[in-house]
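Kindly generate the corresponding structure for this input.
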Amino acid sequence: MRVIGAVLALLVVAFGAVTTWQMTERATAADDVLRRSQPLSADAAAIYRSLADANTAASSGFLAGGQEPPAVRERYERDITRASKKLATAAAAAGSDSSSATAVRRLNQLLPQYTGLIERARANNRQGLPLGGAYLRYANATMQTRMLPAAEKLYQAENTRLASDYDDAKPYPWFAVALGVLALAALVWAQRRNYRRTNRVFNHGLLAATAAATVVLLWLVVGHTVARSGLDDSYDHGVRSLNVLNDARISSLKARGDENLTLVSRGAETTEVAGETEDKFDVSYRAQMKRLGDGDSGLLGEAAELAEGTPGANPVRTAVKNVSVWQDRHKEARSRDDSGDYQGALDKVIGAKDGRGAEPTGECFDNVDAALDRALAYEQREFKQAAEDGRDAMTGLPAGAAVLAVLGAAGAVLGIGRRLSEYR
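Next comes the predicted model:
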């Protein structure tokens, strides 16, 4: 009986210890998903968007002439400031040896070079010198070929970290469950043995130990199942949508920048497409718009599918509608430019509404960007709520399992001790 008591106590304590260990790891990972990895992933996406938007604002200001509109200048400076702040946050969280740290260092080196090129482009543009366009194209090349790829690597690294935290938080604690089932089976066997040998139906100590182990096992299974469901929901209806919407917003920013640079370069940079020479930036614009897609295909089609049946579908539909209008206005602008009416094309891109009330492409882009921003805000709230529900489902479980295991082990020892006292 002493051996049985020791084994029962050891099983219950082991069950509680393993439950505490495994659920502490999962609760920590779930908290990291909510408080660390997903916010850092969002910051990395914000860095990419801010840099792309700054590049777009710079080209828009250049097209406006020597005295760029104050709103465009403020937008550019706001984007650069936001990117700098987010880079500081990413640097603090990245550590020293990670791919994130390498990307952050790269961006911190390139950002002053880029802003210097933009200022040179502006200075020459104010004086009416064509060299300004060359500086702007060089700045754009720096952004497109060096800065945005580094920002994309940072975004991918933070998404990898987010996926790793999900992988740590979601697996079922099979080892703890197996120990719990074994402990309960041993407790039932011991009580049945006690009943058959002494004809006593209940042993209060063993009954208390069984109750404690049962509570821990049920709490473990139900709590982790609810937590896993919440985390799955936060990924399926939060992270996935956020990733698609971020990609869509980035594509729209790139498309807008390419559209502006088509007018800035005025055919200075070309590429071969199907044996024909075409403007490099207009080809890139079409590629980005194809990637963006519509409500049935591309990134916007995927976003619409993920948001179907939720309030988040409304801003996505708004974005789809404005992308269609944008493409129609862009065709009109290209038609004007190809026919030699540069000013007419410029008015279609950065001007005001025409006599028919038709919006320029710049306003269409702003409408798309604002709609995607609203969709992102909605999905971010959905992620946060679901992730909090998942994390909260594990709240108290590690500590509760430890306390109940100690009480259960004490009950098993006392129950066996009561029987042993009858032999003295």
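
Sketch out the low-pLDDT regions of the chain for me.
66, 95-97, 195, 197-202, 352-358, 417-424 (pLDDT under 70).

Can you get me a residue count around Tyr285?
The tally of other residues near Tyr285 (other CB atoms under 10 Å) stands at 23. Just so you know, the C-beta spots here come from the backbone N, C-alpha and C atoms, and that holds for glycine as well.

swap in the one 3 residues further on?
The number of residues packed near Gln288 is 19, by other CB under 10 Å.

Skipping its backbone neighbours, what lies nearest it in space?
Ala255 (3.9 Å; CB to CB, 6 or more residues apart in numbering).

how about the strands of the stretch 251-400 of the chain, start to end?
Counting by DSSP state E, counting those that start in this stretch, residue ranges of the strands within the stretch 251-400 of the chain are 270-273, 276-279.

Strands along the stretch 101-250 of the chain, start to end?
Using DSSP E, counting those that start in this stretch, strands in the stretch 101-250 of the chain do not occur.

who wins for proximity to Leu136 among the strands of the stretch 251-400 of the chain?
Of all these, strand 276-279 sits nearest to Leu136, with 15.3 Å by CB to CB.

buried stuff in that closest one?
Neighbour-count burial for strand 276-279, counted by 16 or more other CB atoms under 10 Å, picks out Asp279.

what does stretch 33-41 give?
By 16+ other CB under 10 Å, the buried positions in stretch 33-41 come out as Val33, Leu34, Arg36, Ser37, Gln38, Pro39, Leu40, Ser41.

out of those, who's nearest Ala185?
Val33 (34.8 Å).

Quick one: residues contacting the closest one.
Leu162, Asp165, Tyr166, Ala169, Leu231, Ser234, Ala387, Arg391 (CB atoms under 8 Å, 6 or more residues apart in numbering).

Which of these fall in helices?
Judged by DSSP state H, those include Leu162, Asp165, Tyr166, Ala169, Leu231, Ser234, Ala387, Arg391 as members of helices.

export the residues you listed to a markdown table and tack on neighbour count?
Listed next are the ones in helices among the contacts of Val33 as a markdown table, based on neighbours: other CB atoms under 10 Å:
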| residue | neighbour count |
| --- | --- |
| Leu162 | 23 |
| Asp165 | 21 |
| Tyr166 | 23 |
| Ala169 | 25 |
| Leu231 | 28 |
| Ser234 | 26 |
| Ala387 | 25 |
| Arg391 | 24 |
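
from those, which is closest to Arg334?
Leu162 (40.1 Å).

thought that closest one was touching Ser37?
Yes: using CB atoms under 8 Å, Leu162 and Ser37 qualify as a contacting pair, with a distance of 4.0 Å.

Can you give me the neighbour number for Gln109?
A total of 12 residues lie near Gln109 under the criterion other CB under 10 Å.

Check the gap between it and Ala103 for me.
As for Gln109, its distance to Ala103 is 11 Å (criterion: CB to CB, to the nearest Å).
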